[in-house]
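Visitor: Let's see this in three dimensions:
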Amino acid sequence: MEAAIITIMALLFFAFVALGVYATVKVAKAAKRGVDRTLDQARRTVEDTTLRAKSFGQAGVAGELAKLRLSLRTSMRATQEALQAGVGEDASLKESLDLFHRLSAHGLELDDDLKRMEREPDKAWVAGQLPELTRRTEQIAGSADALRRAARDRALKFSEDDLSSLSAQIDVEAGALRHWDTPEAAPETRAAEGWGSPAGAAGSATGPAARPASGPGAGSAAGGEPPAITARDPRRTAYPWEKSARPETTT
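Guide: From the prediction side, this is the model:
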């Protein structure tokens, strides 16, 4: 019996140790991925800043190459962010994202070529390559821009359709909420109450029914009108544009 207990305790101990090691490895990998993302972001920021400085501060071939690289990177990054953000809400963008990944391969190849041109000592030869490099840059960046704009237009169209449908539903609900008037009394009912003749009208004006009501519900009981709306239903959701109700004051 004691041997079985010791065995179970040993197994539990090793299980906890293995679980701790696994958790430590997972945390270390997650931390490494976070550090890598931070370093990549910092590196991209430095490269973009350098390219902007070259495109504005340098003339000639160096400045043109910097402009091409900056235009390519800006367009590709904006499209990637737009598609990745939208694919979670619109599954149809998955195919567009796949096409963008194929386009990215050509973009990376072009960016490498532009980098090599920056290090090329024969600037005259590089100047002769600029028209072709510009054509490739415009083609890739234009395709990326087309994907991004199409995804944006699609999202705007769905948003407008949803807003139109919501507005129609609200109009119907608003009309239903305004139907608080009771149906008009039948002619025989008005005659029985003395509304159909001058004598009845005079009698009603001079009789007890003409006396002012003396209670909060008397007006509703005497005139047949619905009770006044004194409060709204409590709200379940608070929105940032709502103002808190002011407390009533008594004098």
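Visitor: Was I right to think Leu83 contacts Ser92?
Guide: No. Counting by C-beta atoms under 8 Å, Leu83 does not reach Ser92; the two are 11.1 Å apart. C-beta: built from backbone N, CA, C; applies to glycine.
Visitor: who's more crowded, the two?
Guide: Legend: neighbour count by other C-beta atoms under 10 Å for Leu83 and Ser92, higher for Leu83 (22 against 10).
Visitor: Can you give me the neighbour number for the nearest residue to that one once chain neighbours are set aside?
Guide: Spatial nearest neighbour of Leu83, excluding adjacent residues (C-beta to C-beta, 6 or more residues apart in numbering): Leu97 at 4.7 Å. Per other C-beta under 10 Å, the neighbour tally for Leu97 reads 17.
Visitor: now the one 3 residues further on
Guide: Number of residues near Phe100 (other C-beta under 10 Å) recorded here: 22.
Visitor: so is it in a helix, a strand, or just coil?
Guide: Following DSSP: H, G, I helix; E, B strand; the rest coil, the label given to Phe100 is helix.
Visitor: from memory it sits against Ala144, does it?
Guide: Yes. Counting by C-beta under 8 Å, Ala144 is a contact partner of Phe100 at 7.0 Å.
Visitor: Next, show the common contact partners of those two.
Guide: Thr79 (C-beta atoms under 8 Å, 6 or more residues apart in numbering).
Visitor: hmm, back to that, sec struct for the residue nearest to Leu83, please.
Guide: helix.
Visitor: Just to check, it is in contact with Gln84?
Guide: Yes. Leu97 is within contact range of Gln84, at 7.0 Å (criterion: C-beta under 8 Å).
Visitor: Just the pLDDT for Asp111.
Guide: At Asp111, the model reports a pLDDT of 93.
Visitor: That should have said His101, apologies.
Guide: Reported pLDDT for His101: 94.
Visitor: What count of nearby residues applies to it?
Guide: When neighbours are counted by other C-beta under 10 Å, His101 registers 11.
Visitor: Show the contacting residues for it.
Guide: Residues in contact with His101 (C-beta under 8 Å, 6+ apart): none are found.
Visitor: Domains in this protein, by residue range?
Guide: Listed by automatic domain parsing, the domain ranges of the chain are 1-57, 59-161.
Visitor: Show me which parts of stretch 75-93 are buried, residue by residue.
Guide: Residues of stretch 75-93 classed as buried: 75-76, 79-80, 82-83, 86-87, 93 (neighbour count, 16 or more other C-beta atoms under 10 Å).
Visitor: Out of these, which two sit at the greatest distance?
Guide: Farthest-apart pair in the buried residues of stretch 75-93 is Ser75 and Val87; separation 18.6 Å (C-beta to C-beta).
Visitor: so where is the chain shaky, pLDDT-wise?
Guide: Applying pLDDT under 70 to the chain flags residues 32-37, 39-41, 57, 181-251.
Visitor: Would you map the helices across it?
Guide: 2-57, 61-86, 93-119, 123-177, 187-192, 198-206, 218-223 (DSSP state H).
Visitor: among those helices, which is the most enclosed?
Guide: Ranked by mean neighbour count under mean count of other C-beta atoms under 10 Å, these are led by helix 61-86, which reaches a mean of 18.
Visitor: Mind giving me the packing neighbours of that one?
Guide: helix 2-57, helix 93-119, helix 123-177 (3 or more C-beta pairs under 8 Å, 6 or more residues apart in numbering; DSSP states H and E).
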